[in-house]
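>>> Make a model of this:
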Amino acid sequence: MKIGFIGLGRMGFSLARSLLKNQSQVVVHDTNAEVMQQLEKQGAVVAHDVASLCRQVDLVFTMLPGPLQVKAVALGDQGIIAHLKPGAVYIDMSTIDVDTVDLLAESFARADIVFGDAPVGRLAMHADIGESLFMLGIAEQQRARVEPVLYRMGTTIHHCGPAGSGTRTKIINNMMVLCYCQINSEALVLAKSLGLDIQKTFDVLTSTTASNGQLKEKWPKKVLAGDLTPGFDITLGYKDISLAANAGAARQIALPVCDTTKNIFRMALAAGKSGQDTSCLTDFWAEANAIEKIRL
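Model (predicted):
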(Lines give C-alpha, C1' and ligand atoms only; values in the text may rest on other atoms or scores of the structure.)
Protein backbone atom coordinates (compact mmCIF):
# COMPACT_ATOMS: atom_id res chain seq x y z
CA MET A 1 0.00 0.00 0.00
CA LYS A 2 1.33 3.41 -0.99
CA ILE A 3 0.51 6.11 1.56
CA GLY A 4 -0.03 9.84 1.07
CA PHE A 5 0.47 12.30 3.94
CA ILE A 6 -0.72 15.90 3.68
CA GLY A 7 0.13 18.37 6.44
CA LEU A 8 3.63 18.22 7.90
CA GLY A 9 3.38 20.51 10.91
CA ARG A 10 4.61 19.75 14.40
CA MET A 11 2.59 16.53 14.69
CA GLY A 12 2.21 15.53 11.04
CA PHE A 13 5.95 15.63 10.36
CA SER A 14 6.66 13.15 13.15
CA LEU A 15 3.84 10.83 12.08
CA ALA A 16 5.01 10.78 8.46
CA ARG A 17 8.59 10.18 9.62
CA SER A 18 7.42 7.19 11.67
CA LEU A 19 5.82 5.71 8.57
CA LEU A 20 9.14 6.02 6.76
CA LYS A 21 11.04 4.48 9.66
CA ASN A 22 8.67 1.52 9.45
CA GLN A 23 9.43 0.85 5.79
CA SER A 24 6.30 2.46 4.31
CA GLN A 25 6.15 3.96 0.84
CA VAL A 26 5.12 7.56 1.57
CA VAL A 27 4.26 10.49 -0.68
CA VAL A 28 4.14 13.83 1.18
CA HIS A 29 2.76 17.28 0.53
CA ASP A 30 2.82 20.52 2.52
CA THR A 31 2.90 24.24 1.81
CA ASN A 32 6.33 24.30 3.50
CA ALA A 33 8.91 23.07 0.99
CA GLU A 34 11.62 22.76 3.64
CA VAL A 35 9.84 20.07 5.67
CA MET A 36 9.06 18.13 2.49
CA GLN A 37 12.75 18.19 1.61
CA GLN A 38 13.66 16.90 5.07
CA LEU A 39 11.39 13.90 4.62
CA GLU A 40 12.56 13.40 1.04
CA LYS A 41 16.05 12.83 2.43
CA GLN A 42 14.55 10.08 4.62
CA GLY A 43 12.93 8.31 1.69
CA ALA A 44 9.64 10.11 1.04
CA VAL A 45 8.43 11.08 -2.42
CA VAL A 46 7.49 14.76 -2.65
CA ALA A 47 4.26 15.78 -4.38
CA HIS A 48 3.96 19.44 -5.27
CA ASP A 49 0.16 19.46 -5.12
CA VAL A 50 -2.69 17.44 -3.66
CA ALA A 51 -3.85 16.13 -7.03
CA SER A 52 -0.52 14.54 -7.96
CA LEU A 53 -0.23 12.98 -4.49
CA CYS A 54 -3.67 11.41 -4.74
CA ARG A 55 -2.95 9.90 -8.13
CA GLN A 56 -0.01 7.95 -6.65
CA VAL A 57 -1.50 6.44 -3.48
CA ASP A 58 -4.05 4.02 -2.04
CA LEU A 59 -4.46 5.69 1.35
CA VAL A 60 -4.29 9.40 2.25
CA PHE A 61 -3.85 10.96 5.69
CA THR A 62 -4.39 14.66 6.41
CA MET A 63 -3.12 16.44 9.52
CA LEU A 64 -4.16 20.09 9.13
CA PRO A 65 -4.73 23.07 11.45
CA GLY A 66 -8.53 23.15 11.40
CA PRO A 67 -11.87 22.75 9.60
CA LEU A 68 -11.28 25.38 6.91
CA GLN A 69 -8.02 23.83 5.78
CA VAL A 70 -9.45 20.31 5.86
CA LYS A 71 -12.45 21.26 3.73
CA ALA A 72 -10.24 23.07 1.22
CA VAL A 73 -7.80 20.16 0.87
CA ALA A 74 -10.41 17.39 0.97
CA LEU A 75 -13.33 18.88 -0.96
CA GLY A 76 -11.87 21.57 -3.23
CA ASP A 77 -11.76 21.30 -7.02
CA GLN A 78 -8.10 20.28 -6.80
CA GLY A 79 -8.63 18.33 -3.61
CA ILE A 80 -8.61 14.73 -2.46
CA ILE A 81 -12.18 13.92 -3.45
CA ALA A 82 -11.57 14.96 -7.04
CA HIS A 83 -8.39 12.94 -7.55
CA LEU A 84 -8.34 9.91 -5.23
CA LYS A 85 -9.48 6.75 -7.00
CA PRO A 86 -12.77 5.07 -5.99
CA GLY A 87 -12.24 2.37 -3.38
CA ALA A 88 -9.20 4.12 -1.90
CA VAL A 89 -9.13 5.29 1.72
CA TYR A 90 -8.98 8.81 3.16
CA ILE A 91 -8.32 9.32 6.90
CA ASP A 92 -8.39 12.78 8.47
CA MET A 93 -6.26 13.06 11.62
CA SER A 94 -6.93 16.76 12.26
CA THR A 95 -8.99 18.13 15.13
CA ILE A 96 -12.12 19.55 13.51
CA ASP A 97 -15.78 20.15 14.32
CA VAL A 98 -18.64 17.67 14.17
CA ASP A 99 -20.37 19.32 11.19
CA THR A 100 -17.19 19.19 9.10
CA VAL A 101 -16.42 15.54 9.82
CA ASP A 102 -20.01 14.58 9.01
CA LEU A 103 -19.81 16.53 5.74
CA LEU A 104 -16.62 14.66 4.86
CA ALA A 105 -18.19 11.30 5.65
CA GLU A 106 -21.22 12.03 3.47
CA SER A 107 -19.21 13.50 0.59
CA PHE A 108 -16.67 10.69 0.37
CA ALA A 109 -19.36 8.01 0.65
CA ARG A 110 -21.02 9.52 -2.45
CA ALA A 111 -17.65 9.43 -4.23
CA ASP A 112 -17.18 5.74 -3.34
CA ILE A 113 -14.06 6.54 -1.28
CA VAL A 114 -13.69 5.02 2.19
CA PHE A 115 -13.56 7.75 4.83
CA GLY A 116 -12.50 7.63 8.46
CA ASP A 117 -11.20 9.98 11.13
CA ALA A 118 -8.29 9.21 13.45
CA PRO A 119 -7.40 12.22 15.63
CA VAL A 120 -4.22 11.83 17.63
CA GLY A 121 -3.98 11.49 21.38
CA ARG A 122 -0.96 12.00 23.63
CA LEU A 123 1.64 14.69 23.10
CA ALA A 124 3.93 15.72 20.27
CA MET A 125 6.83 14.20 22.18
CA HIS A 126 5.08 10.82 21.90
CA ALA A 127 4.63 11.27 18.15
CA ASP A 128 8.37 11.94 17.92
CA ILE A 129 9.11 8.42 19.18
CA GLY A 130 6.22 6.61 17.49
CA GLU A 131 4.05 6.25 20.58
CA SER A 132 0.91 8.13 19.55
CA LEU A 133 -2.63 7.08 20.39
CA PHE A 134 -5.36 7.21 17.76
CA MET A 135 -9.11 7.66 18.21
CA LEU A 136 -10.34 5.88 15.11
CA GLY A 137 -13.76 6.37 13.59
CA ILE A 138 -14.42 4.08 10.64
CA ALA A 139 -16.80 1.33 9.53
CA GLU A 140 -16.00 -1.95 11.27
CA GLN A 141 -15.34 -3.75 7.98
CA GLN A 142 -12.65 -1.20 7.05
CA ARG A 143 -10.61 -1.36 10.26
CA ALA A 144 -8.27 -4.05 8.94
CA ARG A 145 -7.19 -1.79 6.07
CA VAL A 146 -6.27 1.12 8.32
CA GLU A 147 -5.15 -0.14 11.73
CA PRO A 148 -1.89 -1.81 10.58
CA VAL A 149 -0.80 1.52 9.09
CA LEU A 150 -1.72 3.44 12.23
CA TYR A 151 0.39 1.03 14.27
CA ARG A 152 3.40 2.15 12.23
CA MET A 153 2.91 5.60 13.78
CA GLY A 154 1.74 4.74 17.28
CA THR A 155 1.16 2.12 19.92
CA THR A 156 -2.54 2.44 20.80
CA ILE A 157 -5.74 2.51 18.75
CA HIS A 158 -9.22 2.99 20.19
CA HIS A 159 -11.94 2.20 17.67
CA CYS A 160 -14.58 4.72 18.73
CA GLY A 161 -17.29 3.74 16.22
CA PRO A 162 -18.19 4.73 12.65
CA ALA A 163 -16.69 7.68 10.78
CA GLY A 164 -17.03 10.84 12.86
CA SER A 165 -16.71 9.05 16.20
CA GLY A 166 -13.00 9.76 16.44
CA THR A 167 -13.52 13.50 16.08
CA ARG A 168 -16.31 13.52 18.64
CA THR A 169 -14.07 11.67 21.10
CA LYS A 170 -11.12 13.99 20.43
CA ILE A 171 -13.23 17.08 21.12
CA ILE A 172 -14.15 15.71 24.54
CA ASN A 173 -10.58 14.55 25.22
CA ASN A 174 -9.11 17.95 24.37
CA MET A 175 -11.71 19.77 26.43
CA MET A 176 -10.37 17.93 29.48
CA VAL A 177 -6.73 18.41 28.50
CA LEU A 178 -7.14 22.16 27.98
CA CYS A 179 -9.14 22.70 31.14
CA TYR A 180 -6.30 20.99 33.00
CA CYS A 181 -3.96 23.65 31.60
CA GLN A 182 -5.89 26.21 33.61
CA ILE A 183 -6.15 24.04 36.75
CA ASN A 184 -2.41 23.28 36.67
CA SER A 185 -1.57 26.94 36.29
CA GLU A 186 -3.82 28.07 39.13
CA ALA A 187 -2.39 25.40 41.45
CA LEU A 188 1.24 26.31 40.74
CA VAL A 189 0.64 30.06 41.00
CA LEU A 190 -1.13 29.57 44.36
CA ALA A 191 1.72 27.33 45.56
CA LYS A 192 4.24 30.01 44.64
CA SER A 193 2.22 32.74 46.35
CA LEU A 194 2.08 30.63 49.54
CA GLY A 195 5.86 30.36 49.61
CA LEU A 196 5.99 26.62 48.93
CA ASP A 197 8.94 24.81 47.39
CA ILE A 198 7.73 24.19 43.83
CA GLN A 199 9.65 20.95 43.35
CA LYS A 200 8.26 19.46 46.56
CA THR A 201 4.75 20.65 45.72
CA PHE A 202 5.08 19.24 42.20
CA ASP A 203 6.17 15.86 43.61
CA VAL A 204 3.06 15.74 45.80
CA LEU A 205 0.64 16.83 43.06
CA THR A 206 1.97 14.22 40.64
CA SER A 207 1.83 11.44 43.23
CA THR A 208 -1.71 11.87 44.57
CA THR A 209 -5.17 11.72 43.03
CA ALA A 210 -4.64 15.34 41.94
CA SER A 211 -2.24 14.06 39.30
CA ASN A 212 -2.89 14.47 35.57
CA GLY A 213 -0.78 13.60 32.57
CA GLN A 214 -0.34 17.20 31.45
CA LEU A 215 1.16 18.27 34.79
CA LYS A 216 3.29 15.16 35.25
CA GLU A 217 4.67 14.72 31.73
CA LYS A 218 4.43 18.05 29.94
CA TRP A 219 4.88 20.83 32.50
CA PRO A 220 8.43 19.82 33.62
CA LYS A 221 9.61 19.77 29.99
CA LYS A 222 7.84 22.93 28.87
CA VAL A 223 6.90 25.94 31.00
CA LEU A 224 8.61 24.78 34.22
CA ALA A 225 11.81 24.32 32.21
CA GLY A 226 11.37 27.71 30.54
CA ASP A 227 10.69 26.10 27.16
CA LEU A 228 7.60 27.66 25.58
CA THR A 229 8.20 26.45 22.04
CA PRO A 230 4.87 24.94 21.00
CA GLY A 231 4.38 21.23 21.46
CA PHE A 232 0.73 22.28 21.34
CA ASP A 233 0.40 25.91 20.29
CA ILE A 234 -2.00 27.91 22.45
CA THR A 235 -3.63 29.22 19.26
CA LEU A 236 -4.56 25.66 18.32
CA GLY A 237 -5.57 25.05 21.93
CA TYR A 238 -8.00 27.96 21.69
CA LYS A 239 -9.39 26.50 18.46
CA ASP A 240 -9.86 23.10 20.09
CA ILE A 241 -11.49 24.34 23.30
CA SER A 242 -13.79 26.47 21.13
CA LEU A 243 -14.84 23.33 19.23
CA ALA A 244 -15.96 21.78 22.51
CA ALA A 245 -17.70 24.95 23.70
CA ASN A 246 -19.50 25.34 20.36
CA ALA A 247 -20.56 21.68 20.35
CA GLY A 248 -22.09 22.15 23.79
CA ALA A 249 -23.82 25.38 22.84
CA ALA A 250 -25.29 23.81 19.69
CA ARG A 251 -26.88 21.10 21.82
CA GLN A 252 -27.82 23.40 24.73
CA ILE A 253 -25.40 21.58 27.04
CA ALA A 254 -24.04 23.74 29.89
CA LEU A 255 -20.22 23.48 30.09
CA PRO A 256 -19.23 26.29 32.50
CA VAL A 257 -15.61 25.22 33.08
CA CYS A 258 -15.07 24.66 29.36
CA ASP A 259 -16.56 28.05 28.49
CA THR A 260 -14.48 29.81 31.14
CA THR A 261 -11.31 28.10 29.96
CA LYS A 262 -12.05 29.15 26.38
CA ASN A 263 -12.27 32.78 27.49
CA ILE A 264 -9.02 32.41 29.47
CA PHE A 265 -7.24 31.12 26.38
CA ARG A 266 -8.55 34.15 24.49
CA MET A 267 -7.22 36.44 27.25
CA ALA A 268 -3.79 34.78 27.05
CA LEU A 269 -3.73 35.24 23.27
CA ALA A 270 -4.65 38.90 23.71
CA ALA A 271 -1.74 39.18 26.15
CA GLY A 272 0.70 38.08 23.45
CA LYS A 273 1.02 34.34 24.12
CA SER A 274 0.32 33.29 20.52
CA GLY A 275 3.04 30.96 19.24
CA GLN A 276 3.74 29.55 22.70
CA ASP A 277 2.92 26.16 24.19
CA THR A 278 -0.42 25.78 26.00
CA SER A 279 1.53 25.43 29.26
CA CYS A 280 2.32 29.16 28.95
CA LEU A 281 -0.92 29.73 30.86
CA THR A 282 1.19 29.26 34.00
CA ASP A 283 3.35 32.23 32.97
CA PHE A 284 0.23 34.19 32.03
CA TRP A 285 -1.28 33.81 35.50
CA ALA A 286 2.04 34.41 37.24
CA GLU A 287 2.34 37.69 35.35
CA ALA A 288 -1.28 38.62 36.03
CA ASN A 289 -0.71 38.10 39.75
CA ALA A 290 2.71 39.82 39.80
CA ILE A 291 4.41 36.57 40.79
CA GLU A 292 7.83 35.53 39.54
CA LYS A 293 7.70 33.01 36.70
CA ILE A 294 7.61 29.49 38.12
CA ARG A 295 10.47 27.19 37.19
CA LEU A 296 11.85 23.90 38.50
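>>> can you give me the helices in the protein?
Counting by DSSP state H, the chain has helices at residues 10-21, 33-40, 50-54, 67-75, 80-83, 98-110, 124-128, 143-150, 165-193, 198-205, 213, 234-250, 256-270, 281-288.
>>> what is the mean pLDDT for the shortest one?
Averaged across helix 213, the pLDDT comes to 88.
>>> now do the longest one
In this model, helix 165-193 has a mean pLDDT of 97.
>>> The second one now?
Along helix 33-40, the predicted confidence averages to a pLDDT of 98.
>>> buried residues in that helix?
By neighbour count with 16 or more other Cβ atoms under 10 Å, helix 33-40 contains the buried residues 35-36, 38-39. Yep, even glycine has a C-beta here, placed from its N, CA and C like the rest.
>>> Nearest to residue 186 among those?
Distance to residue 186, by Cβ to Cβ, is smallest for residue 35 among these, at 36.4 Å.
>>> Contacts only, for the closest one.
By Cβ atoms under 8 Å, 6 or more residues apart in numbering, the residues touching residue 35 are 8, 13.
>>> how about residue 218, what does it touch?
Residues near residue 218 by Cβ under 8 Å, 6+ apart: 123, 125, 231, 279.
>>> you'd agree the second one is up against residue 232?
Pointing back at residue 125 there. No. Residue 125 is beyond contact range of residue 232, at 10.3 Å (criterion: Cβ atoms under 8 Å).
>>> Which one's more surrounded, these two?
Remark: of residue 125 and residue 232, residue 232 carries more neighbours, 22 against 14, as counted by other Cβ atoms under 10 Å.
>>> just how off-centre is stretch 247-254 within its chain?
Centroid separation between stretch 247-254 and its chain, computed with Cα atoms, centre = their mean, to the nearest Å, is 22 Å.
>>> no wait, stretch 28-44
Counting by Cα atoms, centre = their mean, stretch 28-44 is centred 20 Å from the centre of its parent chain.
>>> next one: stretch 25-40
Here stretch 25-40 is found 19 Å from its chain centre; the criterion is Cα atoms, centre = their mean.
>>> Could you work out the end-to-end span of it for me?
By Cα to Cα, to the nearest Å, the extent of stretch 25-40 from end to end equals 11 Å.
>>> quick one: contacts for residue 127?
11, 14-15, 18, 120, 153-154.
>>> and what of residue 158?
So residue 158 contacts 133-136, 169 (Cβ under 8 Å, 6+ apart).
>>> Looks like residue 273 contacts residue 233 (just checking).
No. Residue 273 is beyond contact range of residue 233, at 9.6 Å (criterion: Cβ under 8 Å).
>>> who's more crowded, the two?
Using other Cβ under 10 Å as the criterion, residue 273 and residue 233 rank with residue 273 on top: 23 against 20.
>>> now the more buried one: how far from residue 176?
Remark: distance between residue 273 and residue 176 (Cβ to Cβ, to the nearest Å) = 21 Å.
>>> for residue 192, same thing?
From residue 192 to residue 176 the distance is 25 Å (Cβ to Cβ).
>>> Those two: who's more crowded?
Neighbour tally, residue 192 and residue 176, criterion other Cβ under 10 Å: the higher count belongs to residue 192, 20 against 13.
>>> mind listing what that one touches?
Contact analysis of residue 192 by Cβ under 8 Å, 6+ apart lists 198, 286, 291-292, 294.
>>> if you set the cut-off to 7 Å instead, what comes out?
Neighbouring residues of residue 192 by Cβ atoms under 7 Å, 6 or more residues apart in numbering: 198, 291, 294.
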